[in-house]
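Asks: have a look; sequence and predicted model below, questions after that.
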Amino acid sequence: MMNQALTHGSDSATVLSRLQQLRAGDAPTHGGRVLSYVYDSGIQELDRLASEAAELCRPLNGLDPTTFPSIAAMERDLVAFMRRALNGDTQRFGGKIVGSVTSGGTESCLLAVKTARDLWREDHPARASELASAGRYPKLVVPATVHAAFHKAARLFDLELVVVPCDPDGSVRARSIIKRLDEDVALVVVSAPAYPSGSIDPVAAVAQAALTLGVSCHVDSCFGGLALPWWPGTPVWDFRNPGVTSISADLHKFGYAPKGVSVLLHRGRVRHRKQFFALTQWPGYPVVNPTLLGSRSASPLAAAWAIVNRLGAAGFQSLTASCARSAASISKTVQSVPGLRVWGNPIGPSIAIIADDRLPETQQVDPHLLVDEMAKRGIRIQHQPGVAQSDGTRLPHSAHLTITPVTEKLLPELATTMRAAADAVRGRPRPSVGVALAAMRMLGYHEDRVPSPSAAWNILRLAGAAPKRAGSGAGAPLPTRMAPLMALVEALPASVGEALLTELLARVAEE
């Protein structure tokens, strides 16, 4: 049934009261008890400043900075700040470092891929024509831990995605990437750091090889781009490497701005201009879009601009130091919990936890059971499914923690909760999916066939992963335990698992 207010309207007080009721069901965005998705500086003044700046610019339209020149001024300042932070001011190999503010990390990544593809086509017209005639595409080379946005980009922009397997610890070897670089590669991507593992890819070696071969090289630092510049002990991953042709960094993550606002920087104006879309051949106003969006809100841009001006490099350095202290403390806590260990060698504000497979199974702690148990105790960390790679090796399923400045105040509670949750699930095996798979077969659902929406919903029900209520006018509630769903998704072909997750999220928003 449709909300009656949507039919007849309602007074403002009632509308806001309803919104407050809806918000009461959300995970907390402040206080550090959600270690993913949200980035809390712990400084209330910054929140107030961001809110006021966003409201000042709420009516503006980023479509045309000639009409609203404040937008161009704020964007200019943010790009200049990020250029300095990423060591692009003195590195002029291949041109000045220039860029744009985007609506978020995904848009920055998409634009980086589009730009490289268009440049490759322009530089290799004969080869582009030859590939097109054969029904093939130029290549996008990425490590297995690269963000999903690059998979999306490959599908959107007709690129052949070449996924380079990582070692079991989540790291990728430079030579594994470099040997896949050839004349058909439009772009190679490395991460600083990779979100799933927290590891920094071998940027310097890959960028040098890309430079030698004339291949564009993008560093995806959407996650860590406003933390790594001040993080102790980081390798040289930014524009100091002359082979790095672009970098993405999100201001709505460790820039502490409201979502969504990101920066994409390019080496040279020619490269940057390829990012734009311009059109005069229609009877309306001349269209010139530096990003995928046309009309766009100036509020996140204004909030990010205000925070950067308030903090400056010194402020970001101080907040990053807090994150670094927390990361070290959490790593020690994980290593002290029997049955758990830190995955790989993270550098930056994230840690992934896996079961300690050096111990007998009766002493191991399954990370997804740990996530569910910690959520029951008031602290939310994130499920990450395992992945079977093309070379036969498997990246383990894990639990992700994003570390923000406010985490430092929560360290004692976090440690206590993690230990108690681990004690509660230690030795417990992952949820079994055998019954669900057998029931699927009995009812005629095939594991290698992408299910329809109704079939996907039935499969979720069989697996005990679907909510009991749906179509009631309030949407379907999410399951309280995600470990069974994660286990089922891993057991099924990727296309089937993706269909199940799509159906679950789609039903949440259905009436």
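Replies: Received the coordinates, thanks. Just so it is clear, the model here is predicted, and its values are computed rather than measured. Numbering: from 1, shown residues only.
Asks: could you list the low-pLDDT ranges of the protein?
Replies: 1-7, 91-93, 467-479, 511 (pLDDT under 70).
Asks: domain ranges for it, per the record?
Replies: With domains defined by automatic domain parsing, the chain comprises 69-307, 312-425, 434-508.
Asks: let me have the ones you listed in TSV, extended by distance to residue 49 and mean neighbour count.
Replies: C-beta: built from backbone N, CA, C; applies to glycine. Below are the domains of the chain laid out as TSV (distance: least, CB to CB, whole Å; neighbours: other CB atoms under 10 Å):
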stretch	distance to residue 49	mean neighbour count
domain 69-307	5	20
domain 312-425	12	19
domain 434-508	33	16
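Asks: from residue 201, how far off is the residue nearest the centre of the chain?
Replies: In the chain, the residue lying closest to the centroid (CA atoms, centre = their mean) is residue 147, at 5.9 Å. Between residue 147 and residue 201 the computed distance is 12 Å (CB to CB, to the nearest Å).
Asks: likewise residue 352?
Replies: 15 Å.
Asks: for residue 336, same thing?
Replies: Residue 336 is 29 Å from residue 201, by CB to CB.
Asks: quick one, what contacts the nearest residue to residue 171 once chain neighbours are set aside?
Replies: In space, and not counting its chain neighbours, residue 171 is closest to residue 199: 5.0 Å by CB to CB, 6 or more residues apart in numbering. By CB atoms under 8 Å, 6 or more residues apart in numbering, the contact set of residue 199 is 145, 169, 170, 171, 193, 344, 345, 346, 347.
Asks: CSV for these, including secondary structure?
Replies: As requested, the contacts of residue 199 are exported to CSV (DSSP: H, G, I helix; E, B strand; the rest coil):
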residue, secondary structure
145, coil
169, coil
170, coil
171, coil
193, coil
344, coil
345, coil
346, coil
347, coil
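Asks: for those residues, which one is nearest residue 216?
Replies: residue 145 (19.9 Å; CB to CB).
Asks: is it true that the closest one touches residue 169?
Replies: No: between residue 145 and residue 169 there is no contact under CB atoms under 8 Å: 10.7 Å.
Asks: got any residues that touch both of those two?
Replies: What both residue 145 and residue 169 touch, as defined by CB under 8 Å, 6+ apart, is the set 197, 199.
Asks: returning to that earlier point: next up, phi/psi of the residue nearest to the centre of the chain, please.
Replies: When quoted as degrees, to the nearest 10, the phi and psi of residue 147 stand at phi -60, psi 150.
Asks: how about the contacts made by it?
Replies: Residue 147 neighbours (CB under 8 Å, 6+ apart): 105, 109, 191, 194, 195, 220, 222, 223.
Asks: re earlier: need the overlap of contacts for residue 147 and residue 201.
Replies: Shared contacts of residue 147 and residue 201, counting by CB under 8 Å, 6+ apart, come down to 191, 194.
Asks: helix or strand for residue 115, which one?
Replies: Remark: residue 115 resides in helix 105-123, with elements defined by DSSP states H and E.
Asks: so how far is that helix off the chain centroid?
Replies: 18 Å (CA atoms, centre = their mean, to the nearest Å).
Asks: which strands and helices sit next to it?
Replies: strand 97-102, helix 148-156, strand 185-191, strand 216-220, strand 246-250, strand 262-267, helix 269-273 (3 or more CB pairs under 8 Å, 6 or more residues apart in numbering; DSSP states H and E).
Asks: now do that helix and strand 185-191, the angle between them.
Replies: 150 degrees (axes from the mean of the first three to the mean of the last three CA atoms, to 10 degrees).
Asks: ok, residue 309 - contacts?
Replies: residue 77.
Asks: angles on the backbone of residue 400, please.
Replies: Dihedral angles for residue 400 - degrees, to the nearest 10 - are phi -100, psi 140.
Asks: kindly report the same for the one 4 residues further on.
Replies: When read as degrees, to the nearest 10, the backbone of residue 404 gives phi -120, psi 170.
Asks: residue 67 - how many residues pack around it?
Replies: Using other CB atoms under 10 Å, the number of residues around residue 67 comes to 9.
Asks: any idea how far residue 43 is from residue 314?
Replies: Taking CB to CB, one finds residue 314 at 14 Å from residue 43.
Asks: for residue 372, which of the helices and strands packed on helix 105-123 is the nearest?
Replies: helix 148-156 (22.8 Å).
Asks: let's see the closest one as PDB, backbone CA atoms only.
Replies: C-alpha atoms of helix 148-156 as PDB (Å, rounded to 0.1, in the frame of the first residue of the first chain):
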ATOM      1  CA  ALA A 148      34.300  -3.400  -8.400                       C
ATOM      2  CA  ALA A 149      34.000  -0.100 -10.200                       C
ATOM      3  CA  PHE A 150      36.500  -1.200 -12.700                       C
ATOM      4  CA  HIS A 151      34.500  -4.300 -13.600                       C
ATOM      5  CA  LYS A 152      31.600  -2.000 -14.100                       C
ATOM      6  CA  ALA A 153      33.700   0.300 -16.300                       C
ATOM      7  CA  ALA A 154      34.800  -2.600 -18.500                       C
ATOM      8  CA  ARG A 155      31.200  -3.500 -19.100                       C
ATOM      9  CA  LEU A 156      30.100   0.000 -19.800                       C
END
